[in-house]
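Engineer: I would like the atomic coordinates for the input below:
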Amino acid sequence: MKPGVSFEQIKADLIKDEEFRIEYEKLKPRYEAIEQVIRARKEQNITQAELARRVGTQKSNISRFESGNYNPSLDFLIKIAESLGKNIEIRLI
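Structural biologist: Numbering: from 1, shown residues only. Got it, this is the predicted structure:
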C-alpha cells in the first residue's frame, strides 16, 4: 500500500474498473460472512482456538475460514453461529 493512501481510497479507485468490480461483488457475501464471525468472536473475547473447541473442529479450520482460504459448508457456518450464540440468516435479494 502506498504511504498516506487509505485502504478505502485504494478500494474506491479499484471499484472504478468494471472487471474488478464484478469480481469484488462475487466475493462480497463471503467476506461479509467472515467479517461477521470475526466481529462476533472478538466481541465475546474468544480466541480462534476457543471457537474451534466449541464448534468441534481444529483451530486451523477457523483460521483458514477467517482468512478467506476455506469455503465452509452451511452446516459448518451454522455450528459457528450456534457456538457464538447467533443464528444464520440467508436472504436471496
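
Engineer: so P72 sits against F65, correct?
Structural biologist: Yes: judged on Cβ atoms under 8 Å, P72 makes contact with F65 at a distance of 5.5 Å. C-beta here means a position set from N, CA and C on the backbone, and glycine is covered the same way.

Engineer: okay, these two: which has more neighbours?
Structural biologist: F65 (25 against 19; other Cβ atoms under 10 Å).

Engineer: which helix in this structure runs the most residues?
Structural biologist: helix 18-43 (DSSP state H).

Engineer: for D17, see how far away the spatially most central residue of the chain is.
Structural biologist: In the chain, the residue lying closest to the centroid (Cα atoms, centre = their mean) is I34, at 1.1 Å. Summarising the geometry, the distance separating I34 from D17, computed by Cβ to Cβ, to the nearest Å, is 23 Å.

Engineer: how about I90?
Structural biologist: With the distance defined as Cβ to Cβ, I90 ends up 30 Å from D17.

Engineer: then I10?
Structural biologist: Applying Cβ to Cβ, one obtains 12 Å for the distance of I10 from D17.

Engineer: what do you get for E43?
Structural biologist: Following Cβ to Cβ, the distance that separates E43 from D17 is 35 Å.

Engineer: ok, now I93?
Structural biologist: Remark: distance between I93 and D17 (Cβ to Cβ) = 24 Å.

Engineer: who has more neighbours, these two?
Structural biologist: When I93 and D17 are compared on other Cβ under 10 Å, the one with more neighbours turns out to be D17, at 11 against 2.

Engineer: what bits of the protein have low per-residue confidence?
Structural biologist: Scanning the chain with the threshold set as pLDDT under 70 gives 1-3.
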